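Chemist: Build me a structure from this.
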Amino acid sequence: MTDLIKRAVDDITAANHVVALTGAGISVESGIPPFRGKGGLWEKLDPMEFAHIDSFMRDPAKVWDILIREMKGVIDTAKPNDAHIALYRMQKLGKLQSVITQNVDGLHQSAGVADVIEFHGTFARQFCLKCGKTYETGMINLTQIPPTCECTGILRPDCVFFGEAIPENEMARSQVEASQCDLMLVIGTSAIVQPAAFMPVIARENGAKIIEINPEPTSLTNRISDYLIEGGAGSIMKQIADELEKAAGHAK
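Modeler: Prediction:
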């Protein structure tokens, strides 16, 4: 166990209210490409053409055919990795209160995490523009594009498109969790996209310790986070969960 892993385990053990903020980096190991950065989806597609609400409303068939079909294919086969599972293990130990995620893949819930605040909604669920009925994305048949509800209304992902506001409830809950936690894990996010990127700042301003887990330094490093553990989210989080479980077993 490295010194930084031990330090994180000690800090989490001492904390009373732990919150995790997660981004695309936590799901890369599950085969889900990021939207931004090298190899990201926006390198291939113009987000203003395929991921803006105006584009969807103007031509839902085009957006479904190019963007949502691809996302559905990825999400239908993706499984939670060690990092998602580690957060579930922490929650079982009573060492994680909630997860604030910028991801739209539903993998935290698939791993069993009970309290997930989905900042940008989810691609794992669709809803009807006409009657509001919801459907699991995995159950959607793509023989007709765009797919429709039994009421004939067009289905759309239950996520936040460009041009749409963050849901008020998710925004409010995120701010409350960030202000009340005494430790925040920032996992797999460069903390650039606002307003989610402001959550570690809120936590820090309210006295919380910030532990960053990323492959490389970010805008938070040496400024907002107390320390950075460099590496893949799966390996690092598994080590932390392993040590927390060992400590809990010894304490019994």
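Chemist: Ramachandran angles for K209?
Modeler: In this entry, K209 is assigned phi and psi values of phi -90, psi 140 (degrees, to the nearest 10).
Chemist: next one: S219
Modeler: Backbone dihedrals for S219, given as degrees, to the nearest 10, come out at phi -70, psi -20.
Chemist: And for it, the neighbour number?
Modeler: Counted with other CB atoms under 10 Å, residues neighbouring S219 total 13. For every residue, glycine as well, the C-beta is placed using N, CA and C.
Chemist: Same question for K72.
Modeler: For K72, using other CB under 10 Å, the count is 20.
Chemist: For it, list the residues it contacts.
Modeler: Contacts here follow CB atoms under 8 Å, 6 or more residues apart in numbering; on that basis K72 touches F123, T137, G138, I140, L142.
Chemist: thought the fourth one was touching Q126?
Modeler: Think I140. Yes. Using CB atoms under 8 Å, I140 makes contact with Q126 at a distance of 6.0 Å.
Chemist: between those two, what contacts are shared?
Modeler: Applying CB under 8 Å, 6+ apart, one finds that I140 and Q126 are jointly contacted by P147, L155.
Chemist: quick one: which of these two has more around it?
Modeler: Taking other CB under 10 Å, I140 and Q126 do not tie; Q126 has more neighbours (25 against 18).
Chemist: pLDDT (mean, whole number) over the helix or strand harbouring the more buried one?
Modeler: Taking DSSP states H and E as the definition, one finds Q126 inside strand 121-128. Model confidence over strand 121-128 averages 92 on the pLDDT scale.
Chemist: Note down every partner strand of that strand and its orientation.
Modeler: strand 134-136 (antiparallel), strand 155-159 (antiparallel) (DSSP bridges).
Chemist: And the strands in the stretch 1-150 of the chain, which stretches?
Modeler: For the stretch 1-150 of the chain, the strands defined by DSSP state E, counting those that start in this stretch occupy 18-22, 98-101, 116-118, 121-128, 134-136.
Chemist: Output the ones you listed as CSV; include the columns distance to D76.
Modeler: CSV is the format used below for the strands of the stretch 1-150 of the chain (distance: least, CB to CB, whole Å):
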stretch, distance to D76
strand 18-22, 21
strand 98-101, 19
strand 116-118, 18
strand 121-128, 9
strand 134-136, 10
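Chemist: So which of those strands is nearest P167?
Modeler: Distances from P167 to each of the strands of the stretch 1-150 of the chain were compared using CB to CB; the minimum, 7.0 Å, belongs to strand 121-128.
Chemist: Name the SS class of L228, please.
Modeler: Applying DSSP: H, G, I helix; E, B strand; the rest coil to L228 yields a three-state assignment of strand.
Chemist: Thought P217 was touching it, still the case?
Modeler: Yes. L228 lies in contact with P217 (CB under 8 Å); the separation is 6.1 Å.
Chemist: of those two, who's got more company?
Modeler: For the pair L228 and P217, the greater number of neighbours falls to L228 (19 against 14), based on other CB under 10 Å.
Chemist: Flag every buried residue along stretch 141-154.
Modeler: When burial is assessed from 16 or more other CB atoms under 10 Å, stretch 141-154 yields the following buried residues: P146, P147, C149, I154.
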